[in-house]
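Novice: let's see this in three dimensions:
(2 chains)
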Protein chains: 2
Amino acid sequence: MTVTAVTRIGCMTRWQPNARGRLRQAALELYGEHGFDQTTVAQIAERADLTERTFYRHFADKREVVFSGEVHGVLVSALAEAPASMTAIEAVTVALDAAGAVLDGRRDMTRRRQAVIAANPALRQHEQIKYATLADDLADALHGRGVEPSPARLAAEAGVAVFRTAFERWIDQDEQRHFGSLVRDTLEELAAVINGS
Amino acid sequence: MTVTAVTRIGCMTRWQPNARGRLRQAALELYGEHGFDQTTVAQIAERADLTERTFYRHFADKREVVFSGEVHGVLVSALAEAPASMTAIEAVTVALDAAGAVLDGRRDMTRRRQAVIAANPALRQHEQIKYATLADDLADALHGRGVEPSPARLAAEAGVAVFRTAFERWIDQDEQRHFGSLVRDTLEELAAVINGS
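Specialist: Numbering: from 1, shown residues only, chains lettered A, B, ... in the order given. The predicted structure is shown next:
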């Protein structure tokens, strides 16, 4: 039996291939069409042709669809696992590249997600808090690599600043370059700024 | 009739020298003793020997006592007014020094304030949002000095990272050095991190 055939029967048997991805796609569409506050979980489930119960198996609430934290997880684990011989900033660069590999595979969806955040002040505030948590987690991961607390904190903050600056360029509709390429440009720019040019 | 005379008559005996400072002092004491959530504006006014009405002339609510934004204002205006010949990072350093002059004059109060924030998750979240707003405002001020958007954003984020790292050392009870001296050490450390040491 092919996957497609199983999908067709799926409504009956409830086996739902990629339910998480379908729910996210449906949610981002609805948030974009009607606004985040105006969208209900019932509407998301209906659009995805799934039940509310399935929604809550994948996400705690409708905000978690926007902030599911996969890129965050990739950044932190890639940083922790980078070769021990690397300096702090080299390990941060490896982590940013790993995040880039994920992001480049979902560029259109990420653009839609960012438009939803930009349109909602509460989501924008939540995004700031998420970035602060990311900086804390990266600093902890660097400290776990043996970096002293203060340079760990600075390298983590620098990493988040580079991530955000590269990301802002990357989501632009006219920008075609990969995330990793924009990270390299941004790192060079940061070095130039810090070194006083 | 002078403004001072009008003020004195305006409230009968209610002319209160340094009402704002007394309210802040009373609020931080009470937040420290009983917790932020458990303290009422009525209690703050009573401890300061002032009325609730006077409180609301100085602060929108009890959270604003904690986040009154004076250091934020000093950072942004010092950055905007730094000599035009300075590079972005030089102007950011001037701004951090100006903030340091304010902070060094109220070190004990700032330590009490920080303990209140540390004890309350909602205040900690609000602090993150305030730092994000500060980075935005510093980036705007740098852009106003003719710095391109992307280096302006990076220099602003670097400035906030240096501020926070220096601040964390500065509020330590065992730390005696002035804020400006810790800023210099932190800037050097950031340059070493970015340049890959």
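Novice: tell me, how many residues neighbour residue A:139?
Specialist: 24 (other C-beta atoms under 10 Å in any protein chain shown). C-beta coordinates here come from the backbone N, C-alpha and C atoms, glycine included.
Novice: what is the subsequent helix or strand relative to the host helix or strand of it?
Specialist: Residue A:139 is part of helix A:121-144 when elements are defined by DSSP states H and E. For helix A:121-144, the succeeding helix or strand toward the C-terminus, using DSSP H and E, is helix A:149-170.
Novice: between that following helix and helix B:149-170, how many degrees?
Specialist: 160 degrees (axes from the mean of the first three to the mean of the last three C-alpha atoms, to 10 degrees).
Novice: alpha carbons of helix A:149-170, as CSV, please.
Specialist: Provided in CSV are the C-alpha atoms of helix A:149-170 (Å, rounded to 0.1, in the frame of the first residue of the first chain):
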residue,chain,number,x,y,z
PRO,A,149,30.9,33.1,31.8
SER,A,150,31.6,36.6,30.5
PRO,A,151,33.0,35.7,27.0
ALA,A,152,30.4,33.0,26.8
ARG,A,153,27.7,35.7,27.4
LEU,A,154,29.3,38.0,24.8
ALA,A,155,29.7,35.4,22.2
ALA,A,156,26.1,34.2,22.7
GLU,A,157,24.8,37.8,22.4
ALA,A,158,27.0,38.3,19.3
GLY,A,159,25.6,35.1,17.8
VAL,A,160,22.0,36.2,18.4
ALA,A,161,22.7,39.7,16.9
VAL,A,162,24.3,38.0,13.8
PHE,A,163,21.4,35.6,13.6
ARG,A,164,18.8,38.4,13.7
THR,A,165,20.6,40.6,11.2
ALA,A,166,21.2,37.8,8.7
PHE,A,167,17.6,36.6,9.2
GLU,A,168,16.2,40.0,8.5
ARG,A,169,18.0,40.1,5.1
TRP,A,170,17.2,36.4,4.4
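Novice: same for it, what does it pack against?
Specialist: The contact analysis (3 or more C-beta pairs under 8 Å, 6 or more residues apart in numbering or on different chains; DSSP states H and E) places helix A:149-170 against helix A:88-104, helix A:121-144, helix A:179-194, helix B:149-170, helix B:179-194.
Novice: so which of those helices is nearest residue A:22?
Specialist: For residue A:22, the closest of these is helix A:88-104, at 18.7 Å, according to C-beta to C-beta.
Novice: list the contacts for the closest residue to residue A:165 other than its chain neighbours?
Specialist: Spatially, and ignoring its direct neighbours in sequence, residue A:165 is nearest to residue A:186 (4.8 Å; C-beta to C-beta, 6 or more residues apart in numbering or on different chains). By C-beta atoms under 8 Å, 6 or more residues apart in numbering or on different chains, the contact set of residue A:186 is A:162, A:165, A:166, A:169, B:150, B:154.
Novice: most neighbours out of the residues you listed, which is it?
Specialist: Highest neighbour count within the contacts of residue A:186: residue B:154, with 29 neighbours (other C-beta under 10 Å).
Novice: near residue A:92, how many residues? Count them for me, please.
Specialist: 29.
Novice: that one contacts residue A:155, doesn't it?
Specialist: Yes - the criterion here is C-beta atoms under 8 Å, and residue A:92 meets it with residue A:155 at 5.6 Å.
Novice: what residues are shared contacts of those two?
Specialist: The contact sets of residue A:92 and residue A:155 overlap at A:138, A:142 (C-beta under 8 Å, 6+ apart).
Novice: first-to-last residue distance for stretch A:57-73?
Specialist: Terminal residues of stretch A:57-73 are spaced 20 Å apart (C-alpha to C-alpha, to the nearest Å).
Novice: swap in stretch A:32-45?
Specialist: 16 Å.
Novice: who touches that stretch?
Specialist: For stretch A:32-45, using C-beta under 8 Å, 6+ apart, the contacting residues are A:23, A:26-27, A:30-31, A:51-52, A:54-56, A:61-63, A:65-66, A:112, A:115-116, A:119-120, A:123.
Novice: swap in stretch A:127-139?
Specialist: A:67, A:69, A:72, A:75-76, A:79, A:92, A:95, A:117, A:149, A:152-153, A:155-157, A:159-160, A:163-164, B:125, B:128-129, B:131-132.
Novice: filter those down to the buried ones, PyMOL style.
Specialist: Provided next is the PyMOL selection string for whichever of those are buried by 16 or more other C-beta atoms under 10 Å in any protein chain shown:
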select buried, (chain A and resi 67+72+75+76+79+92+95+117+152+153+155+156+157+159+160+163+164) or (chain B and resi 125+128+129+131+132)
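Novice: from the centroid of chain A, which residue is nearest?
Specialist: residue A:71 (3.8 Å; C-alpha atoms, centre = their mean).
Novice: contacting residues around that one?
Specialist: The contact partners of residue A:71, by C-beta under 8 Å, 6+ apart, come to A:99, A:102, A:103.
Novice: same thing but 6 Å
Specialist: By C-beta atoms under 6 Å, 6 or more residues apart in numbering or on different chains, the contact list for residue A:71 reads A:99, A:102.
Novice: pLDDT score for residue A:180?
Specialist: Residue A:180 is assigned a pLDDT of 96 by the prediction.
Novice: if we can go back for a sec, the residue nearest to the centre of chain A: helix or strand, and which one exactly?
Specialist: Element membership of residue A:71 [criterion: DSSP H and E] is helix A:70-81.
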